[in-house]
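Undergrad: Could you look at this predicted model? Sequence included:
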Amino acid sequence: MEINELTPAERRVWDAFPRGEGVDFREEPGDSSVDGAGWGPERTIRAEVLRALLLGAGPAEEGQVAGIKLKGARIVGKLDLRYSVVDHAIRLRDCWFERKPLLYGAQLKALVLGYSTLPGLTAATLRVDLVLRLSCCRITGPVRLQGARISGGLFLQGAVVGPLPEEEAGEAALQLNHAEIGTDIIANDLTVHGQLRLNGATVGGQVQLDRARLLTPGGTALHAETLTVGTDLRANRLHARGMVNLTGSRIPGQAYLSRADLGNPGGTALRASSCAVGEMWLRRCPPIQGEVNLRRSTFDLFHIDPDAWPERIAVDGLTYRTLGPHLPPEQRLPALEREESGYLPYAYEQLAAAYRTAGDEAAARTVQLAKLRRHRRTLPRHARVWGLLQDATVGYGFRPLRAAGWLLALLLVGSIAYSLHAPRPLKAGEAPDFNAVFYTIDLLVPIISFGQESAYAPSGWYQWLSYVLIVTGWILATTTAAGVSRSLQRQ
């Protein structure tokens, strides 16, 4: 490109390029690139001029680091750097783009587009040696960064992507699938009208989505299947409308979704199945609107408030070592009733194991008892009788003092009854002195004999009372033995 073809604005950029100096076209520091369509020729730069500079057509100065550094420019035409190798930093802050930049397959040093307004960005398989900054950008078309490799970080904080135009509405708004980010993705306060796609991406550090707004009602707001993160996924106060899909993700640190507002009524709001996460935090979240699917996932720490659980959950195969916050089992058990597959013994065993890890054996026994009661409801009616007897008498072995209470009550009834009306001896003169208390014990406890039962024979209603005491004693003895045996087997 000949220098005499340049406009005065372009001449300023051309002359500043060899030294990497900045050119600021803004009239005021607060100028917004959203208004860039109305900027005049004094702020207009043709994309072909920038392309020519970056690809070596511009001047060079020895000992200087060349680069483009613009603020407040109106860039018209198509910035086409497809398959290019650019050795200069590109910094286009507060700029307005007439057409979406084409960076497919390009290799760049650094790309900074902060606070700019773009109709989209096509940069699949892009290679960036340092950083890619899209902070506070306003992007009305899809951002295609699938397969990109960024040695440093990706910055998207405060950016707004979408809503997409009708002809591109079927695409994901922000595409980072299978991207490789050397350090972090910083996307706090990001707003995406459409899907944020991170499936198959690898991030060396952490992903930050604090206060982000992901808006895809009825669809998938965050598609992050098989995402691999070096440290944490932080999404404190995330607002998501549509499914948050973390299936198969690997997060060795924290998946921090505290105070997140997740909603996908009629569908799945959170799908984190087959995940391996160090700590899963759903602390102080409002009630999740939609199903939660945590099947086959493994968490070292799982922190969730009972009120956050939705009406339907899927936790088959979910494993966790510690459950927080530590609450009475009565507050945790209702969630297991919401399992869409029905009765899951493993879910109760996992909850009981978490209480044992916390040293709360009483809570663990309560969970085990709830498990057996839930199992009883799955049996035919005739098969529930024995379970009802075990529950009423000894709480399936988890409430042994209940049997003692029954025995004491029956002992009291029998002792009073037979004190008022002693039974006749079977052999006069040979029977031991009658004792109502030990006679009742003989009737109640089949394995103990004080010689009273065999020496005396009640009559009338007292005979029927003796039958009741004998049968009840056998039932108590049998259910107690069964319950204690079950408890010992667990130990």
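TA: Good, I have the coordinates.

Undergrad: remind me which residues of this protein are low pLDDT?
TA: 1-4, 58, 60, 386-404, 429, 477-491 (pLDDT under 70).

Undergrad: in it, which spans are helices?
TA: For the chain, the helices defined by DSSP state H cover 8-16, 47-54, 329-336, 345-357, 361-377, 384-394, 400-420, 436-444, 461-490.

Undergrad: want to throw those into CSV with mean neighbour count?
TA: In this view, the C-beta of every residue, glycine as well, is placed from N, C-alpha and C. Formatted as CSV, these follow (neighbours: other CB atoms under 10 Å):
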stretch, mean neighbour count
helix 8-16, 18
helix 47-54, 21
helix 329-336, 17
helix 345-357, 18
helix 361-377, 18
helix 384-394, 17
helix 400-420, 16
helix 436-444, 22
helix 461-490, 16
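
Undergrad: between those helices, which gets nearest to R250?
TA: Ranking the helices of the chain by proximity to R250 (CB to CB) places helix 345-357 first, at 21.1 Å.

Undergrad: Kindly calculate the angle that that closest one makes with helix 329-336.
TA: Interaxial angle, helix 345-357 versus helix 329-336 (axes from the mean of the first three to the mean of the last three CA atoms, to 10 degrees): 150 degrees.

Undergrad: packing partners for helix 345-357?
TA: strand 319-324, helix 329-336, helix 361-377 (3 or more CB pairs under 8 Å, 6 or more residues apart in numbering; DSSP states H and E).

Undergrad: Distance to V112 added to those, as a markdown table?
TA: Shown next, in a markdown table, are the helices and strands packed on helix 345-357 (distance: least, CB to CB, whole Å):
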| stretch | distance to V112 |
| --- | --- |
| strand 319-324 | 41 |
| helix 329-336 | 47 |
| helix 361-377 | 55 |
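
Undergrad: and of these, who's closest to N293?
TA: N293 lies closest, by CB to CB, to one member of the helices and strands packed on helix 345-357: helix 329-336, at 13.7 Å.

Undergrad: Now do that closest one: which elements does it pack against?
TA: Here helix 329-336 touches helix 345-357, helix 361-377, going by 3+ CB pairs under 8 Å, 6+ apart.

Undergrad: closest one to P265 among the helices of the chain?
TA: That would be helix 329-336 among the helices of the chain, by CB to CB, at 19.0 Å.

Undergrad: And the closest one, how far out from the chain middle?
TA: For helix 329-336, the gap between its own C-alpha mean and the chain's C-alpha mean amounts to 19 Å (CA atoms, centre = their mean, to the nearest Å).

Undergrad: Tell me the span between the first and last residue of stretch 331-349.
TA: With CA to CA, to the nearest Å as the measure, stretch 331-349 spans 16 Å from end to end.

Undergrad: how about the helices and strands packed on helix 345-357, which one is nearest L262?
TA: L262 sits nearest to helix 329-336 of all the helices and strands packed on helix 345-357, at 15.9 Å, using CB to CB.

Undergrad: And for that closest one, what's in contact with it?
TA: By CB atoms under 8 Å, 6 or more residues apart in numbering, the residues outside helix 329-336 that reach it are 306, 309, 313, 315, 323, 344, 347-348, 351, 355, 363, 366-367, 370, 374.

Undergrad: if we go to 7 Å?
TA: Outside helix 329-336, the residues that touch it by CB atoms under 7 Å, 6 or more residues apart in numbering are P306, W309, I313, A347, Y348, L351, Y355, A363, T366, V367, A370.
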